[in-house]
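**Student:** show me how the following folds:
(2 chains)
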There are 2 protein chains.
Amino acid sequence: MTGKVWLVGAGPGSPDLLTIRAARALAQADLLLYDALVAPEALELAPNAQRFCVGKRGGRPSMDQETIHRLMIRGAQRGKRVVRLKGGDPFVFGRGAEEALALAAAGIPCEVVPGVSSAVAAPALAGIPVTHRGLASAFVVISGHAEAAYRPVLEALAPQSLTVVVLMGLASRAALAQLLLERGWRGSTPTAILFAAGSKDALTWRGTLATLGEASAQTRADAPGTIVIGEVVALVDVLAAPAAQDATEDAFEGGRHARRG
Amino acid sequence: MTGKVWLVGAGPGSPDLLTIRAARALAQADLLLYDALVAPEALELAPNAQRFCVGKRGGRPSMDQETIHRLMIRGAQRGKRVVRLKGGDPFVFGRGAEEALALAAAGIPCEVVPGVSSAVAAPALAGIPVTHRGLASAFVVISGHAEAAYRPVLEALAPQSLTVVVLMGLASRAALAQLLLERGWRGSTPTAILFAAGSKDALTWRGTLATLGEASAQTRADAPGTIVIGEVVALVDVLAAPAAQDATEDAFEGGRHARRG
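**Tutor:** Coordinates of the predicted model:
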C-alpha cells in the first residue's frame, strides 16, 4: 500500500499562520521533512511523526535535493504519510515544483497545501500592502538568489511601474539596488527590509532604494529578509502595528528600523 | 473602551485554507463583515458574531466602501471585536489597504491577518507552480479590473520573462491576451484559467495565450477566475491532482478543461 506526500506551506514564521489544512496534515503525519526556517512550534503539530530537518542550519549545508526526493519517495513507498513542510508557500521558489515532479515521476500521490507566502505576508505584517489604489496596481516577486535569474526580470520592469518584492535577496541587495537605479528607478523610492517576518524577532528596516545597498540591522545573522521596493512602502508610517510604532530605536545604519514585540 | 478590527484573509475558497490565526479571530468576533466570495463554512467559525455580507452578491451592487469603513469604525468604537473577512489575502487588491488607512485615520486599532492569496494558491491547487527553475524565476500579479491600471504594467514586461497571474481578469481576458501578443509574447504560451479555485466547483481551463480570448467553461456565472500565463502552466499536465486527471470532459470551447471533484 503506497502512502502519500503532502507538500505543505508553513507560512512566514509564526505557527498560527499555518492553515487549518496544514495543521491537519501534520497531525496525521508519520514522517516530517522540514526546512530550517519552519517555527519549532509547527513541528509539535506532528506529534506522531519521525522528524528530519532537511534545510540549512547553523552554517551546515542543506541536504541535497536528490536525498530529499529519495526520503519522500521511500517513505511513501513504505506506506507512510509524509509531510514535506516548507517555509512560506511550497510553490514560491524553494524548489517545491521540483519535489512535486520527482514524486509524480515515481508515481507517488502528492497533494499541495498552499501556504501564506512571505512575499505578501512579510510586508503585510509590517504594515505594507503590496498593492494600493493609486500607488501600485501590481507586484512582482523575484528571488535574489541568482543574478542570472533576477537580472533579466528587473531589467524589463519600467521604473516605478509596480511594487517589487525580493525573497532571498539580502546578500544581493546592493547589486539589486544598483541595477534598478541604473534602469531609471528613483533613488528616493521607499524601500523596506522585513527581517524574520512573522516571528517574535521581526524587525523592519526602512530606507530608500538609494540606501538599500548599505542597509543593515541588528538581527540574527541567519534571519530571513524580504525586501520591498515601491511607493506602498511609505504606508508603513501610517499602518505599522502599534507594537512597531512603540519601537525602541536601536543602532542601525542607512535607514531607520523598528523592533516589533 | 475601544474595540479592534482584524483585517483577515480567508484564502482562496476552502474554509480549511484559513489560517489558525484567522480561525481564532473569527471565534472571538462580535461583528463580522464578509465578502461574497468567502465560503459559508468560514462564517460558522464566528458563532457569536453579528454577520453582514458587504460584497457583491446575486448581481446586486456591493456596499459602498465608505459604508464598510463606517460599520467597522462604529463597531470598534462601541467596544466590539470586528472581523473584516476578505477573500484571499487582505492586502492583495480588494481595497484592504484603504480599509486599514480608514481605521488608522479614525484611531481604531487594526491587525492584519495575512491569508493564502489566490494569486499563488489557485494555480498551486490546480498543479501549476508560479515559479520553477528553468521555466520562471519570477511572477507578477496584476488585477484585470481596470485597463488603465494593468496596461502600463503589461506593456513593460519583456515577453516570456516571467509568469503572469491575473486576478479579476475574466471579463478582460481578450484584451489582456491581445495586449501581450502585440508586445511580442508567443501565441503558444501555455495559459490556464482556474475557476472557483479551492472550492468544490473548481475547474481548470487550459489553452494558450492565442486562445485565451475565446476561453469559456461551463461553470457558475459568478465563479471567480485566476488567469495564469507562462511556461509553468505546462506542468499542469504532470502535476494536476489525481482528481483532475480523472476528470470528465465537459463541453467547452477554445481549450480543454478538467472538472475537479
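**Student:** got the contact list for the residue lying closest to A:Asp30 once chain neighbours are set aside?
**Tutor:** In this structure, A:Asp30 finds its nearest non-sequential neighbour in A:Lys80, 4.1 Å apart by C-beta to C-beta, 6 or more residues apart in numbering or on different chains. To be clear about C-beta, it is placed using only N, CA and C from the backbone, and glycine gets the same treatment. Contacts for A:Lys80 (C-beta atoms under 8 Å, 6 or more residues apart in numbering or on different chains) come out as A:3, A:30-31.
**Student:** of these, buried ones?
**Tutor:** Among those, those classed as buried by 16 or more other C-beta atoms under 10 Å in any protein chain shown are A:3, A:30-31.
**Student:** nearest to chain B, of these?
**Tutor:** Chain B lies nearest to A:Gly3 out of these, by C-beta to the nearest C-beta, at 14.2 Å.
**Student:** A:Ala49 contacts A:Ala27, doesn't it?
**Tutor:** No. In terms of C-beta atoms under 8 Å, A:Ala49 does not count as a neighbour of A:Ala27; the distance is 9.4 Å.
**Student:** the residue nearest to A:Ala171 when sequence neighbours are not counted and chain B, how far apart?
**Tutor:** The shortest distance from A:Ala171 to any non-neighbouring residue, by C-beta to C-beta, 6+ apart, is to A:Gly144 (7.2 Å). Separation of A:Gly144 from chain B (C-beta to the nearest C-beta, to the nearest Å): 10 Å.
**Student:** looking at A:Gly144 now. What's its pLDDT?
**Tutor:** On the pLDDT scale, A:Gly144 is placed at 93.
**Student:** same check on A:Arg57?
**Tutor:** 61.
**Student:** repeat for A:Arg206
**Tutor:** So A:Arg206 comes in at 96 (pLDDT).
**Student:** name the element it belongs to?
**Tutor:** strand A:203-208 (DSSP states H and E).
**Student:** same question for A:Leu33.
**Tutor:** If you go by DSSP H and E, A:Leu33 is part of strand A:31-34.
**Student:** packing partners of the helix or strand following that strand?
**Tutor:** Moving toward the C-terminus from strand A:31-34, the first helix or strand encountered (DSSP H and E) is helix A:40-43. Other elements packing on helix A:40-43 under the criterion 3 or more C-beta pairs under 8 Å, 6 or more residues apart in numbering or on different chains; DSSP states H and E are strand A:31-34.
**Student:** contacts for the helix or strand following the strand holding A:Arg206?
**Tutor:** For strand A:203-208, the following helix or strand on the C-terminal side (DSSP H and E) is helix A:209-212. Helix A:209-212 is contacted from outside by A:173-174, A:176-177, A:180-181, A:185-189, A:191, A:193, A:227, A:229, A:254-255, using C-beta under 8 Å, 6+ apart.
**Student:** ok, back up a step: just the CA coordinates of the strand holding A:Leu33, formatted as PDB?
**Tutor:** In PDB, the C-alpha atoms belonging to strand A:31-34 read as follows (Å, rounded to 0.1, in the frame of the first residue of the first chain):
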ATOM      1  CA  LEU A  31       7.300  11.300   8.600                       C
ATOM      2  CA  LEU A  32       8.000  15.000   8.600                       C
ATOM      3  CA  LEU A  33      10.800  16.600   6.500                       C
ATOM      4  CA  TYR A  34      11.100  20.300   7.300                       C
END
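**Student:** what packs against that strand?
**Tutor:** With contacts taken as 3+ C-beta pairs under 8 Å, 6+ apart, strand A:31-34 sits against helix A:40-43, strand A:50-53, helix A:65-77, strand A:81-86.
**Student:** how about 7 Å then?
**Tutor:** On a contact count with 3 or more C-beta pairs under 7 Å, 6 or more residues apart in numbering or on different chains; DSSP states H and E, strand A:31-34 meets strand A:50-53, helix A:65-77, strand A:81-86.
**Student:** which of the ones you listed is buried the deepest?
**Tutor:** strand A:81-86 (a mean of 27; mean count of other C-beta atoms under 10 Å in any protein chain shown).
**Student:** and that one, what does it pack against?
**Tutor:** Using 3+ C-beta pairs under 7 Å, 6+ apart as the contact test, the elements touching strand A:81-86 are strand A:4-9, strand A:31-34, helix A:65-77.
**Student:** again, only using 10 Å
**Tutor:** Here strand A:81-86 touches strand A:4-9, helix A:20-27, strand A:31-34, strand A:50-53, helix A:65-77, helix A:96-105, strand A:110-113, going by 3 or more C-beta pairs under 10 Å, 6 or more residues apart in numbering or on different chains; DSSP states H and E.
**Student:** need these in TSV (columns: mean pLDDT).
**Tutor:** Shown next, in TSV, are these (pLDDT from 0 to 100):
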stretch	mean pLDDT
strand A:4-9	98
helix A:20-27	98
strand A:31-34	97
strand A:50-53	95
helix A:65-77	96
helix A:96-105	96
strand A:110-113	97
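**Student:** what residue ranges in chain A score low on pLDDT?
**Tutor:** Scanning chain A for pLDDT under 70 picks out A:56-61, A:241-261.
**Student:** got the phi and psi for the residue nearest to A:Asp30?
**Tutor:** Dihedral pair for A:Lys80: phi -80, psi 150, per degrees, to the nearest 10.
**Student:** how close does A:Met72 get to A:Gly96?
**Tutor:** Distance, A:Met72 to A:Gly96, using C-beta to C-beta, to the nearest Å: 12 Å.
**Student:** same thing with A:Ala42?
**Tutor:** 17 Å.
**Student:** list the contacts for the closest residue in space to A:Thr204 that isn't next to it in sequence?
**Tutor:** Leaving aside its chain neighbours, A:Thr204 sits nearest to A:Ala126 (4.7 Å; criterion: C-beta to C-beta, 6+ apart). A:Ala126 makes contact with A:192-195, A:197-198, A:202-206, A:226, A:228, A:233, A:236, A:239-241, A:244, A:258, A:260, B:112, according to C-beta atoms under 10 Å, 6 or more residues apart in numbering or on different chains.
**Student:** next one: A:Pro12
**Tutor:** Shown in contact with A:Pro12 (C-beta under 10 Å, 6+ apart): A:37, A:39, A:87-89, A:115-122, A:124-125, A:194, A:196-199, A:202, A:224, A:226, B:114.
**Student:** now do 6 Å
**Tutor:** A:116, A:118, A:121-122, A:197-198 (C-beta atoms under 6 Å, 6 or more residues apart in numbering or on different chains).
**Student:** just these: which are in helices?
**Tutor:** Judged by DSSP state H, the contacts of A:Pro12 include A:118, A:121-122 as members of helices.
**Student:** any idea how far A:Arg206 lies from A:Thr219?
**Tutor:** Counting by C-beta to C-beta, the gap between A:Arg206 and A:Thr219 amounts to 14 Å.
**Student:** which of the two has more neighbours?
**Tutor:** Between A:Arg206 and A:Thr219, A:Arg206 has the larger neighbour count (other C-beta atoms under 10 Å in any protein chain shown), namely 24 against 18.
**Student:** was I right to think the more buried one contacts A:Ala192?
**Tutor:** Yes. Counting by C-beta atoms under 6 Å, A:Ala192 is a contact partner of A:Arg206 at 5.1 Å.
**Student:** identify the contacts common to these two.
**Tutor:** In contact with both A:Arg206 and A:Ala192: no residue, using C-beta under 6 Å, 6+ apart.
**Student:** can you select the buried ones from the contacts of helix A:209-212 in ChimeraX?
**Tutor:** Command for ChimeraX that selects the buried part of those, burial taken from 16+ other C-beta under 10 Å:
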select /A:173,176,177,180,181,185,189,191,193,227,229,254,255
